[in-house]
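Engineer: have a look at this fold, sequence not included:
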RNA sequence: GGCCCCUUCGUCUAUCGGUUAGGACGGCAGAUUUUCAUUCUGUAAAGACGGGUUCGAUUCCCGUAGGGGCUACCA
């Protein structure tokens, strides 16, 4: 049975790197007919952010990446929140101590700093708590059993460290990268259990992956170096035979290629890096998400799937279900991929084109509500049909089509002044009074009548048409003017034309 | 610095020793449009460098360079 897990840490909003990891886990689990598990790795009390877990769950729901097991849906391996499993980790850590595979360490932070300084003074650039120094430290290896008992009895804070034997190679078989070898001499005696009683990632992760019978670990490349420790842990526990496979995903890089994409990059480069908007108590700290930018979840999924993978064909548009079918872990890349916002917009544009008004109506009115726009002054569906080909984000419905929802037009005076003349104004007046009585008032009919008037007036099409457009929208560019007029309606169109006929520079 | 990973058009990528090195985004040009956008057509644009292996390397190996990750009682 294939079992995969997505195991985020609730330290804030989850960014798209995490989402892609979730997506790949989900795809592989579904393709294998296996189980997709959400596990919350909340073992760092200092970095814990209230609401982050809820955010993660809402984000996965928005994207359609629904877990089979997790804190909300439960499952036969509960609990799925590591903070609720501390007893399990403690017992496992203790069992390693009992077997001599891990040891108590009583060093204070100050003593650790002193050790690092001593090592640096000797010319070693990377101080590590390892075989070269552990005999100089205050730990279960240097203390007598009576001293240990005494420390424990007096509630002296302690950590539990993994005893790493130097001098041998640890070979990892990564499904994406092949064999990766680490020299155990380079590895430190990693802390397994912290002084606050919580486990570190390494312990909790290995214990849970084993207990939850995870078959494949798919995570970001930043975990590759510590995988050697994880293998050591599997060995120490005697779980090596059922150790999951590892796949370390390439990172998503900043658009300039400099480093991995980080949470702050959204503000910096002007695009969303979070699936959902993140609201904090301080409004200025709130951040936009793909949702608030007006992206379709399916487009975000499609875009993310292609950042580090491709099907090997020239087809690029895939629904989540199609992705499950074609996804092949063998085709996951090794190198990092830069985040390309233009491509994200293109994907979203593609998805918008196949949407019907009914599917977006709800979200549109949400946006409208937030912006204080009154949507029902015109036929929203007609507006959507007209605007759709030019939308890259649903939200642009209101920026590009603002003139449908207000009579307060922002005239592009720089352009208008180039075209406007008293003669043009007179013609606009004539057109207005003609339109006023046009029957029926349809785009087609209006088009014919207006063009006839223009032709007989002798004024150039290229002069008067931009003015008509500006009359209706304020701008000299946009969708078909007569279609706009049709949606605006006869009286509004007439009125706007008259306003332009009487235009003069203020 | 040390350890590890990576390296094809500006960007995302195809190629699993023999190709005119293909596609997409973006760019440019043209068509369509009264305009802009869309759409369509066309076009420029790439194997980091140096050694090997081989009849033949973008592809395999080594080195160099460059980029990235890790190097916490964070994940």
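Structural biologist: It's in. These numbers were taken from a predicted model, which means no experiment stands behind them.
Engineer: what's next to the helix or strand bottoming out on mean pLDDT in chain A, contact-wise?
Structural biologist: When each helix and strand of chain A is scored by mean pLDDT, DSSP states H and E, helix A:265-269 comes last, with a mean of 89. Around helix A:265-269, the neighbours that count as contacts under Cβ atoms under 8 Å, 6 or more residues apart in numbering are A:254, A:255, A:272, A:273, A:274, A:287, A:288, A:339, A:341. Placement of C-beta: from N, CA and C, glycine included.
Engineer: run the chain-centre distance for the helix or strand following that helix.
Structural biologist: Using DSSP states H and E, the helix or strand that follows helix A:265-269 in sequence is helix A:290-293. Distance of helix A:290-293 from the chain centroid (Cα atoms, centre = their mean, to the nearest Å) equals 10 Å.
Engineer: just checking, next helix/strand downstream of helix A:290-293?
Structural biologist: Downstream of helix A:290-293 (by DSSP H and E), the next one is helix A:297-305.
Engineer: what's the following helix or strand past that next one packed up against?
Structural biologist: If you walk from helix A:297-305 toward the C-terminus, the next helix or strand you reach (DSSP H and E) is helix A:320-326. Here helix A:320-326 touches helix A:16-31, helix A:297-305, going by 3 or more Cβ pairs under 8 Å, 6 or more residues apart in numbering; DSSP states H and E.
Engineer: hang on, the earlier thing: mind listing what's buried along the least confident helix or strand of chain A?
Structural biologist: The neighbour-count check on helix A:265-269 (16 or more other Cβ atoms under 10 Å) flags A:265, A:266 as buried.
Engineer: that helix: how far from the chain's middle?
Structural biologist: Worked out by Cα atoms, centre = their mean, helix A:265-269 lies 13 Å from the chain centre.
Engineer: can you tell if that helix touches RNA strand B?
Structural biologist: No - judged by Cβ under 7 Å from any atom of the strand, helix A:265-269 and RNA strand B are separated, with a smallest distance of 11.4 Å.
Engineer: show me the shaky parts of chain A.
Structural biologist: A:283-284, A:505-506 (pLDDT under 70).
Engineer: could you rerun that using 80?
Structural biologist: Applying pLDDT under 80 to chain A picks out residues A:124-125, A:280-285, A:505-506.
Engineer: now the strands for it?
Structural biologist: Remark: strands assigned in chain A by DSSP state E are A:3-6, A:35-38, A:102-105, A:159-162, A:169-174, A:178-183, A:191-193, A:216-220, A:245-249, A:252-253, A:337-338.
Engineer: who are the packing partners of the third one?
Structural biologist: This means strand A:102-105. Using 3+ Cβ pairs under 8 Å, 6+ apart: strand A:102-105 touches helix A:86-98, helix A:145-153, strand A:159-162.
Engineer: hmm, who's touching that strand?
Structural biologist: Contacts for strand A:102-105 (Cβ under 8 Å, 6+ apart): A:93, A:96-97, A:129, A:137-141, A:143, A:148, A:151-152, A:158-163, A:189, A:191-192, A:236.
Engineer: now, which of those lie close to RNA strand B?
Structural biologist: Filtering those for proximity to RNA strand B by Cβ under 7 Å from any atom of the strand leaves A:129, A:159, A:191.
Engineer: returning to what we had before: burial-wise, tell me which of the helices and strands packed on strand A:102-105 comes out on top.
Structural biologist: strand A:159-162 (a mean of 24; mean count of other Cβ atoms under 10 Å).
Engineer: strand partners (parallel or antiparallel) of that one?
Structural biologist: strand A:102-105 (antiparallel), strand A:191-193 (antiparallel) (DSSP bridges).
Engineer: chain center to the last one, what's the gap?
Structural biologist: It stands for strand A:191-193. Using Cα atoms, centre = their mean, the offset of strand A:191-193 from its chain centre is 31 Å.
Engineer: and for the residue in the stretch 201-350 of chain A that RNA strand B sits nearest to, the neighbour number?
Structural biologist: For the stretch 201-350 of chain A, the residue closest to RNA strand B is residue A:335, as judged by Cβ to the nearest atom of the strand, at 2.9 Å. Number of residues near residue A:335 (other Cβ atoms under 10 Å) recorded here: 9.
Engineer: grab the nearest non-local neighbour of it.
Structural biologist: residue A:250 (5.5 Å; Cβ to Cβ, 6 or more residues apart in numbering).
Engineer: tell me who's in contact with the one you found.
Structural biologist: A:176, A:221, A:308, A:332, A:333, A:334, A:335, A:336, A:337.
Engineer: helices - which of those land there?
Structural biologist: In helices, defined here by DSSP state H, there are no members of the contacts of residue A:250.
Engineer: in the residues you listed, find the pair that's most separated.
Structural biologist: A:176 and A:337 (13.4 Å; Cβ to Cβ).
Engineer: one step back: turn the strands of chain A into TSV, including distance to residue A:443.
Structural biologist: Listed next are those as TSV, based on distance: least, Cβ to Cβ, whole Å:
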stretch	distance to residue A:443
strand A:3-6	51
strand A:35-38	50
strand A:102-105	78
strand A:159-162	75
strand A:169-174	61
strand A:178-183	63
strand A:191-193	72
strand A:216-220	53
strand A:245-249	51
strand A:252-253	46
strand A:337-338	44
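Engineer: quick revisit: CSV please, covering the helices and strands packed on helix A:320-326 and showing mean neighbour count and distance to RNA strand B.
Structural biologist: CSV is the format used below for those (neighbours: other Cβ atoms under 10 Å; distance: least, Cβ to the nearest atom of the strand, whole Å):
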stretch, mean neighbour count, distance to RNA strand B
helix A:16-31, 24, 9
helix A:297-305, 23, 9
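Engineer: out of these, nearest to residue A:213?
Structural biologist: Residue A:213 lies closest, by Cβ to Cβ, to one member of those: helix A:16-31, at 12.9 Å.
Engineer: which helices and strands does that closest one pack with?
Structural biologist: Other helices and strands packing on helix A:16-31, by 3+ Cβ pairs under 8 Å, 6+ apart, are strand A:3-6, strand A:35-38, helix A:52-63, strand A:216-220, strand A:245-249, strand A:252-253, helix A:297-305, helix A:320-326.
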